[in-house]
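A.B. asks: Prediction below, plus the sequence it came from.
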2 protein chains.
Amino acid sequence: MYNFTFQNITKIYFGENRLGHLGEELKKYGTRVLMTYGGGSIKKIGLYDKVIEELQKAGLTVFEMAGIEPNPRHTTVNRGAEICKKEKIDVLLAVGGGSTIDCTKAIAAAAFYDGDSWDLVTQKASVTNALPVLSVLTLSATGSEMDPFGVISNIDTNEKYGMMHPLLQPKVSFLDPTVTYSVNAFQTACGAADIMSHIFDVFYFTNSEKMYMIDSVMEDIIKTVVKFAPIALKEPQNYEARANLMWASSWALNGFLQSTAGQAASCHAMEHELSAYYDITHGLGLAILTPRWMEYILDESTAPQFKKFGVNVFGVDEGLSDMEGAKKAIAALSEFLFETLGLQRTLTEIGIDDSNFKAMAKNACAGSVIHGFKALTPEDVENIFRMCL
Amino acid sequence: MYNFTFQNITKIYFGENRLGHLGEELKKYGTRVLMTYGGGSIKKIGLYDKVIEELQKAGLTVFEMAGIEPNPRHTTVNRGAEICKKEKIDVLLAVGGGSTIDCTKAIAAAAFYDGDSWDLVTQKASVTNALPVLSVLTLSATGSEMDPFGVISNIDTNEKYGMMHPLLQPKVSFLDPTVTYSVNAFQTACGAADIMSHIFDVFYFTNSEKMYMIDSVMEDIIKTVVKFAPIALKEPQNYEARANLMWASSWALNGFLQSTAGQAASCHAMEHELSAYYDITHGLGLAILTPRWMEYILDESTAPQFKKFGVNVFGVDEGLSDMEGAKKAIAALSEFLFETLGLQRTLTEIGIDDSNFKAMAKNACAGSVIHGFKALTPEDVENIFRMCL
């Protein structure tokens, strides 16, 4: 019990105006930098100019790759890898949210692979080496800034898979809460749902024995999100709220919350199908799925943990039975996600019908079952998708 | 606000029977290993044999240095550095508690210094390089297994100072809770006091603005100690208790609890004088000092945080005034340390009188004041020492 290995090498510069360290950190890895970013919001908020200024000050040779999309595509990874090879890039700098960082991680590995990067995502080929990745985070959500994971989509085949390799972990990440002041209400809410889901999915709702200390810390991170996401929605420039959400996003997935065997992330597996087929925002998919998944797997074996969650996070009455407490907990979570955060409650509302559910359910189970808090067969997954209509 | 830099590179193998990874980890750094340990308790519990077996299996050339004392001496550091130079040691393996690991860190740096290691401790000379250090932890207390700090004593001058350098951070630490089954009640209690004090002293009782999430996590770790130290005293072989205490010791000082400017550690500064002069166990000195320090600095500015601590950790009535709540909190902490953990309550009980208080107080303030939660002058420190009689 409690057998795990932990290491997290990422250096974090947290706080306002820390970019003065960007040049010195990049120069440890070389002089030819590929700066990657998304649709240009970093230009609107002035972050692009600030980063470029630091890179120039440090005398670095800068190449740029814009246009990394949400749910980043393997074709975009291929494009980045081409630039790395052609321009002999030494180091990658991702400026953006989880999609940009994830895509940049995949580029880092693909730069050493002669072939389609999709091979690396599907493990047809192994990651053998990777360019160093640094990041400037602009969205509190995925935790990609401090983890070895990346999720890449193949739009031709409606597939979306995670990659994981220690070499993909960012060497350095810059977390400036003020950079997220301009994140809109919808993305702020989706980010909050994503952070919570990372905790729920792998180590919090589990059959394995949890360490008391870590279990308490997980509840505190969830409570942090419950407390500060609504504040960030009302006051987008509230530093305290943005800072707590930002650091919560990193902690939720940086490996520190393990004390037990991790399990297949049920909601993540199901959500990847939604965003692979419909290109929706990951956090929104998770928000719609999570309470339905909880409801679907609610039984005598799962009720005690759902109730404990409700008691410790939402103040559900401890005196209730496990089953009653669990139901109140699920209701409280639904209210938080769909009322307080204002996220859409159903797949129908976002234009998704049941036409692909069977194929999606099969994919989510990867030919077998999802071994999560409760094992889910394709039929179970299809049922859960239907509950979301 | 919340401006900090975080990095912690130590790889942790947590759990029972993880030593199978010892050989592979050491071999990353070379083949000539110096294994350091203390008074031989590792032989009594069979750990020595297990470690040696792994080192031999890995084909490493093993040198040994036994006899590292509690409150390790600079002369011991010198002895270790000599061995490193003479035997061309590649990597150090500390098998023990905080004293052994601290001493080994200092040896790692002194191996690259031609002169008395005390120069490195007093910063007369700078740490320029260090041999890699790995550790097998045997006591849950100091956090040395996952931090860049070491504390070394000079018995001739009654001085005890901390060293800090990123190069001193262990590359890998093995944390097996079962190894601490044989730790006696007194050392278990002192370890618990040490863990709590690390949290109190630097980031919890502070004037700086704290991040909500981190503040909650600090309370979780303190509550973890309050819950499991008494269990470990009653049932020394309780895995859950030993595991929670072990991981709490690492978290308390691994840098993750910062979200604010750290401050001078008041109780640590005062305690180092006690153990420098009287060679007492660090955790015991901290236990005796902490409630008196709290009492001494209790005023309108400090009461709210002491009360918050009492409410969240010991269930003190939230309806009390700040001052009343703070007094209850201090009383609850005293009861925990001196009744529940059974530690001695006064310096008098452990044979310390006031004869050196003036000199110790002056040293503790290093010619100035201790800039902690409240600034302490030498006169303040002397008053606090007197309260401990």
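C.D. replies: Good, I have the coordinates. Note that this is a predicted model, so its numbers are computed, not measured.

A.B. asks: hmm, stretch A:167-186 touching chain B?
C.D. replies: Yes: applying CB under 8 Å from any CB of the partner chain, one finds stretch A:167-186 in contact with chain B at A:Pro177. Where you see a C-beta, it was placed from the backbone N, CA and C, and this is true even at glycine.

A.B. asks: The stretch 101-250 of chain A against chain B: which residues are in contact?
C.D. replies: Within the stretch 101-250 of chain A, the positions lying close to chain B (CB under 8 Å from any CB) are A:177, A:211-214, A:216-217, A:220-221, A:223-224, A:227-228, A:239-240, A:243-244, A:247-248.

A.B. asks: Out of these, which sit inside helices?
C.D. replies: Judged by DSSP state H, those include A:212-214, A:216-217, A:220-221, A:223-224, A:227-228, A:239-240, A:243-244, A:247-248 as members of helices.

A.B. asks: From the residues you listed, list the buried ones, please.
C.D. replies: Buried residues within these, counting neighbours by 16 or more other CB atoms under 10 Å in any protein chain shown: A:212-214, A:216-217, A:220-221, A:223-224, A:227-228, A:239-240, A:243-244, A:247-248.

A.B. asks: Please name the nearest non-neighbouring residue to the residue most central in space within chain A.
C.D. replies: Nearest to the geometric centre of chain A sits A:Thr142, at 2.2 Å (CA atoms, centre = their mean). Residue nearest to A:Thr142 in three dimensions, not counting chain neighbours: A:Gly98, with 2.8 Å by CB to CB, 6 or more residues apart in numbering or on different chains.

A.B. asks: what's the burial count for that neighbour?
C.D. replies: The tally of other residues near A:Gly98 (other CB atoms under 10 Å in any protein chain shown) stands at 30.

A.B. asks: which ones are touching it?
C.D. replies: Contacts for A:Gly98 were tallied using CB atoms under 8 Å, 6 or more residues apart in numbering or on different chains; they are A:139, A:141-144, A:194, A:282.

A.B. asks: Sticking with the residue lying closest to A:Leu337 once chain neighbours are set aside, tell me its helix or strand.
C.D. replies: Spatial nearest neighbour of A:Leu337, chain neighbours left out: A:Ala287 (4.6 Å); criterion: CB to CB, 6+ apart. Element membership for A:Ala287, per DSSP states H and E: helix A:282-297.

A.B. asks: same check, this time on A:Phe357
C.D. replies: Assigned by DSSP H and E, A:Phe357 belongs to helix A:357-364.

A.B. asks: A:Pro304 now?
C.D. replies: helix A:303-314.

A.B. asks: Report all helices and strands that the next helix or strand after that helix contacts.
C.D. replies: On the C-terminal side of helix A:303-314, the closest following helix or strand by DSSP H and E is helix A:322-334. Here helix A:322-334 touches helix A:282-297, helix A:303-314, going by 3 or more CB pairs under 8 Å, 6 or more residues apart in numbering or on different chains; DSSP states H and E.

A.B. asks: so of those, which one's packed in deepest?
C.D. replies: helix A:282-297 (a mean of 24; mean count of other CB atoms under 10 Å in any protein chain shown).

A.B. asks: which SS class is A:Glu209?
C.D. replies: coil (DSSP: H, G, I helix; E, B strand; the rest coil).
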